[in-house]
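Asker: Would you be able to build a 3D model of this:
(chains A, B, C and D)
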Number of protein chains: 2
Amino acid sequence: MTGLRQKQKATRSRRILQAAAQLFREIGYGAVRIDDIARAAEVSVGTFYNYFETKGDLLLAIVVMEVEEVLEQGIAIVTDPPATVADALSRLIGGYYDHSLHYLSKEMWRTALAITIEAPATPFSNRFTELDRLLAEQVCALIMALRDRGIARPDIDPRAMGEVIFNNLNMMFIEFVKDDSMTLAALNAAVFRQTAPLAALLTR
Amino acid sequence: MTGLRQKQKATRSRRILQAAAQLFREIGYGAVRIDDIARAAEVSVGTFYNYFETKGDLLLAIVVMEVEEVLEQGIAIVTDPPATVADALSRLIGGYYDHSLHYLSKEMWRTALAITIEAPATPFSNRFTELDRLLAEQVCALIMALRDRGIARPDIDPRAMGEVIFNNLNMMFIEFVKDDSMTLAALNAAVFRQTAPLAALLTR
DNA sequence: AAAAATAATTGAGTTCGTTCATTTTTGAAG
DNA sequence: CTTCAAAAATGAACGAACTCAATTATTTTT
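Answerer: Sure, this is the predicted structure:
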């Protein structure tokens, strides 16, 4: 039962997401009106709000897909990490960063990050926060893997170190999206400069 | 020349700021309309916009005053730091945190932080970003002071360490204001747990 | 197959931040 | 003291996100 309805719901949800993602990239999140999205997705404004709580929650739905891919991609590095602490961290962090502008503009990231702070209780905001936690856990898992292989010192606290390193890379990502003129290369270099001394301390 | 005008400008600016600060705390930033602020400050809505670019920029003006006090307060600790790395960091960071809710609610912080990410180019947003940089520098200065006194190891990179520790405390503060149920004690404990292992590595 | 119940769609209306053409106030010059 | 130019104040009008009462589509019941 509920065959046609469910199918229509899925179709409409997809159409709204796709239309919005394209418009956000093309003319910018701020310049897109709900009316534009509704028209492009061939639904009414009222229907839009049956599918997403707010304009911002729709943006977060798009961002969440991106972060899910990043998380997936990181698994490989944790499973089979590079041979030094500095290399392993650089690879994981660089992977996160390089993926970040694949589907999203800096403006989209700025808005998304702002929303997760300001309105942390919508469905997709919750999901985003959850994904952030999983990313932090992934960094911890990498450090634990390095310790288990004898690459990192045995007497460190992988959770504390992982969280600190993750919070640093996260904050630096915020700096990056705040500044339209900052390149990915500059971001990677800045974070490497910060993380390398820590990696040295962590090394056996 | 321009005696009365300058005086009136200062008076009005102060009245708007005070009225807004009180209303924001009493009924919440989101619930306050520009009209409420204008009425409470006895100016028109149009005049409000002669003094502040946006509602958010007014909020940032209030937040900036708070951060300026925090920065001031930190100087004493850098000048005469506690005798261990862990203590020194705890005192400085705890000082920041304990001050944070003196004039501002968590909701005000959430909105302010969101705005500095989303709209980083207004006058007070620029000032806030500048203050953030100065806070990071203060943490670096503390580590440098500890190194100079022989409390921290001489072979560390104080700038890299300071930035990482600051970014961590900043990110944790964001987590704190996102969660209305999280106490200051819980925040301090969480950051201590993260920072203490680092402090141990930094210790001579 | 018709009727009743349930779910989903719709777009005009509401709210609130922001703008701007007009009016009022202030300071300087004659 | 009067006149004039510049600065500041004003509030009605605008735009865009979001709401909700009425309508339409789908599913279930008889």
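
Asker: Low-confidence stretches in chain A?
Answerer: For chain A, applying pLDDT under 70 flags the ranges A:1-2.

Asker: now the helices for it?
Answerer: Assigned by DSSP state H, chain A shows helices spanning A:3-27, A:34-41, A:45-51, A:55-79, A:85-100, A:106-118, A:123-148, A:158-178, A:184-202.

Asker: By proximity to DNA strand C, which residue of chain A wins?
Answerer: Using Cβ to the nearest atom of the strand, the single residue of chain A nearest to DNA strand C is A:Gly46, 2.0 Å away. Where C-beta positions appear, they are placed from N, C-alpha and C, glycine not excepted.

Asker: gap between that residue and A:Thr203?
Answerer: Relative to A:Thr203, A:Gly46 is positioned 59 Å away (Cβ to Cβ, to the nearest Å).

Asker: more neighbours, those two?
Answerer: Shown here are A:Gly46 and A:Thr203; by other Cβ atoms under 10 Å in any protein chain shown, A:Thr203 has more neighbours (14 against 8).

Asker: how close does the more buried one get to B:Ala152?
Answerer: Distance from A:Thr203 to B:Ala152, by Cβ to Cβ: 19 Å.

Asker: do A:Pro81 as well
Answerer: A:Pro81 is 29 Å from B:Ala152, by Cβ to Cβ.

Asker: Could you check which of the two is surrounded by more residues?
Answerer: Under the neighbour definition other Cβ under 10 Å, A:Pro81 and B:Ala152 were set side by side, and B:Ala152 has more, 25 against 22.

Asker: Pull the contacting residues for that one.
Answerer: B:85, B:143, B:146, B:158, B:202-204 (Cβ atoms under 8 Å, 6 or more residues apart in numbering or on different chains).

Asker: can we see that at 7 Å?
Answerer: B:85, B:143, B:146, B:202-204 (Cβ atoms under 7 Å, 6 or more residues apart in numbering or on different chains).

Asker: Those residues: which two are farthest apart?
Answerer: B:Ile143 and B:Arg204 (12.5 Å; Cβ to Cβ).

Asker: What's the local residue count around A:Asp180?
Answerer: Neighbours of A:Asp180 using other Cβ under 10 Å come to 12.

Asker: Stretch A:10-19 and DNA strand D in contact?
Answerer: No. Using Cβ under 7 Å from any atom of the strand, stretch A:10-19 stays clear of DNA strand D, coming no nearer than 11.2 Å.

Asker: next one: stretch A:35-54
Answerer: Yes. Stretch A:35-54 is in contact with DNA strand D by Cβ under 7 Å from any atom of the strand, via A:35, A:45-46, A:49, A:54.

Asker: picking that back up, who has more neighbours, B:Ile143 and B:Arg204?
Answerer: Ranked by neighbour count (other Cβ under 10 Å), B:Ile143 and B:Arg204 place B:Ile143 first, with 28 against 13.

Asker: check contacts around that one.
Answerer: B:152, B:158, B:161-162.

Asker: Distance of it relative to chain A?
Answerer: For B:Ile143, the distance to chain A equals 11 Å [Cβ to the nearest Cβ, to the nearest Å].

Asker: need the residues of chain A near DNA strand D, please.
Answerer: A:1-5, A:8, A:32-35, A:45-46, A:49, A:54-56.

Asker: What is the nearest of the residues you listed to B:Ile16?
Answerer: Out of the residues of chain A next to DNA strand D, the member with the shortest distance to B:Ile16 (by Cβ to Cβ) is A:Gly56, at 28.1 Å.

Asker: show me what contacts that closest one?
Answerer: Remark: with contacts taken as Cβ under 7 Å, 6+ apart, A:Gly56 is in contact with A:111, A:115, A:119.

Asker: could these be laid out in JSON lines, adding distance to A:Glu26 and neighbour count?
Answerer: Listed next are the contacts of A:Gly56 as JSON lines, based on distance: Cβ to Cβ, whole Å; neighbours: other Cβ atoms under 10 Å in any protein chain shown:
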{"residue": "A:Thr111", "distance to A:Glu26": "15", "neighbour count": "26"}
{"residue": "A:Ile115", "distance to A:Glu26": "20", "neighbour count": "24"}
{"residue": "A:Ala119", "distance to A:Glu26": "25", "neighbour count": "19"}
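
Asker: can you put the residues you listed in CSV and add distance to chain B?
Answerer: Listed next are the contacts of A:Gly56 as CSV, based on distance: Cβ to the nearest Cβ, whole Å:
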residue, distance to chain B
A:Thr111, 6
A:Ile115, 7
A:Ala119, 8
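
Asker: among those residues, which are within reach of DNA strand C?
Answerer: When Cβ under 7 Å from any atom of the strand is applied, no member of the contacts of A:Gly56 is adjacent to DNA strand C.

Asker: quick one on the thing from earlier: what would the contacts of B:Ile143 look like in TSV with distance to B:Met182?
Answerer: Listed next are those as TSV, based on distance: Cβ to Cβ, whole Å:
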residue	distance to B:Met182
B:Ala152	30
B:Pro158	30
B:Met161	26
B:Gly162	25
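
Asker: Now restrict those to buried residues only.
Answerer: B:152, B:158, B:161-162 (16 or more other Cβ atoms under 10 Å in any protein chain shown).

Asker: Now A:Arg149: phi and psi?
Answerer: phi -90, psi 0 (degrees, to the nearest 10).

Asker: Could you find the closest non-adjacent residue to it?
Answerer: If the residues on either side of it in the chain are set aside, A:Arg149 comes closest to A:Pro81, at 7.4 Å by Cβ to Cβ, 6 or more residues apart in numbering or on different chains.

Asker: Could you verify my assumption that that neighbour touches A:Ala141?
Answerer: No. With contact defined as Cβ atoms under 7 Å, A:Pro81 and A:Ala141 do not form a contacting pair (9.8 Å).

Asker: give me the number of residues near A:Glu42?
Answerer: 11.

Asker: nope, A:Val164 is what I was after
Answerer: By other Cβ under 10 Å, neighbour count at A:Val164 equals 26.

Asker: The spatially most central residue of chain A and B:Leu202: what is the separation?
Answerer: The geometric centre of chain A, computed from its C-alpha atoms, lies nearest to A:Val67 (Cα atoms, centre = their mean), at 3.6 Å. Distance, A:Val67 to B:Leu202, by Cβ to Cβ: 32 Å.
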